[in-house]
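A.B. asks: predicted structure and sequence below. I'll ask about it afterward.
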Amino acid sequence: MKVVGGSASLPLARAIARELGAPYVDVSFERHPGGFPDGERYIRLLGPIGSDHVVLVQTTYPDPNLVEYLLLADAIRDAGARRLTAIIPYFGYGRQDKRFLDGEAVSAKTMAKHIAADADELLTMAIHNPDILSMFPIRAREVSGMPALARYLKAADVDLILAPDDGAIRHAKESATLAGKAWDHLDKERLDSYTVKVKPKALDVRGKSVAIVDDVISTGGTIATAARELKAQGARRVSAVCVHGLFVGKADENLTACDEVVSTDTVPSPHSKVSVAPEFAAAVRSLG
Ligand code: R5P
């Protein structure tokens, strides 16, 4: 087995290779220093692939990283790989998982179809809706990121884990159980892409340290709204803990409502304090 990493996931890919004890194949991402003037992606495999089983690790967000994934998968196949396992730590476009309005693309299905073209199986994490996995024409599995978050939560100053909305309940429940902490949830109403509000609910948080656990932090609007509610109800400390930290738009400003922000390395950022390499390596081992 060999491991290849795309430029969106280099540290994670190297960590997965170390966990698996598998050789890592380096990739060049520039034909000339500075890349192509028009911004198009380039990849060149710098080591032999042979007829090996190759694990390709690449988050497909934002869009150029999706293109890079397609280039890498095709080059790995052309080089002779007999099996390709795609690890997509963060699967972009997962939130458009149905046709909300006539004529819309079901973006998650579109991505699934193209990502599957050169892969034999796919592993991803904290996917927006697990039903998306059935949209892939290959075997596709969600690997839980909660054991990784629980490693952090167990050692942290946290009394209660809170899901900011219904969708995050499965994550809060799993991470709280693994970390041995209590959990609760809020109910969120999304008004538009940037604005959410929480339904009134009394929480037992006075004087407590609370970790809000979610799959994704994008603009930080969801977390900021929940954090303000917690502080208004007397919480002593609020941390924001997520698998995928996108931190777009006014996220930094929104997240000042929290005392700490923690994410995993599915999307590298200064908040990536927890690695999900052990979880993905274990999942690869269990593929058989
Ligand atoms: C929504 O269903 C997700 O679980 C997240 O709560 C949401 O994507 C976070 O987005 P934002 O940070 O923009 O509020």
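C.D. replies: Structure received. Numbering: from 1, shown residues only.
A.B. asks: now what about the top helix by length along the chain, what contacts it?
C.D. replies: Criterion DSSP state H: the longest helix present in the chain is helix 63-78. For helix 63-78, contacts defined as Cβ atoms under 8 Å, 6 or more residues apart in numbering pick out 4, 6-8, 27, 29, 39-45, 49, 54, 56, 58-60, 84, 86, 88, 92, 111, 114-115, 117-119. Any C-beta I mention is one placed from the backbone N, CA and C, and that applies to glycine too.
A.B. asks: now, these that are in helices?
C.D. replies: Secondary structure from DSSP H places 111, 114-115 of the contacts of helix 63-78 in helices.
A.B. asks: one step back: got the buried residues for the longest helix of the chain?
C.D. replies: 65-66, 68-73, 75-77 (16 or more other Cβ atoms under 10 Å).
A.B. asks: now those as JSON lines including pLDDT and distance to A172?
C.D. replies: As requested, the buried residues of helix 63-78 are exported to JSON lines (pLDDT from 0 to 100; distance: Cβ to Cβ, whole Å):
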{"residue": "N65", "pLDDT": "98", "distance to A172": "28"}
{"residue": "L66", "pLDDT": "98", "distance to A172": "30"}
{"residue": "E68", "pLDDT": "98", "distance to A172": "33"}
{"residue": "Y69", "pLDDT": "98", "distance to A172": "30"}
{"residue": "L70", "pLDDT": "98", "distance to A172": "35"}
{"residue": "L71", "pLDDT": "98", "distance to A172": "37"}
{"residue": "L72", "pLDDT": "98", "distance to A172": "35"}
{"residue": "A73", "pLDDT": "98", "distance to A172": "34"}
{"residue": "A75", "pLDDT": "98", "distance to A172": "40"}
{"residue": "I76", "pLDDT": "98", "distance to A172": "37"}
{"residue": "R77", "pLDDT": "98", "distance to A172": "40"}
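A.B. asks: just the CA coordinates of the longest helix of the chain, formatted as CSV?
C.D. replies: Output in CSV follows, covering the C-alpha atoms of helix 63-78 (Å, rounded to 0.1, in the frame of the first residue of the first chain):
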residue,chain,number,x,y,z
ASP,A,63,-13.1,24.0,-5.9
PRO,A,64,-9.5,24.0,-7.1
ASN,A,65,-8.8,21.1,-4.7
LEU,A,66,-11.6,19.1,-6.3
VAL,A,67,-9.8,19.6,-9.7
GLU,A,68,-6.5,18.5,-8.1
TYR,A,69,-8.2,15.4,-6.7
LEU,A,70,-9.4,14.4,-10.2
LEU,A,71,-5.9,15.0,-11.6
LEU,A,72,-4.3,12.9,-8.9
ALA,A,73,-6.8,10.0,-9.1
ASP,A,74,-6.4,9.8,-12.9
ALA,A,75,-2.6,10.0,-12.8
ILE,A,76,-2.5,7.3,-10.1
ARG,A,77,-4.6,5.0,-12.3
ASP,A,78,-2.5,5.8,-15.4
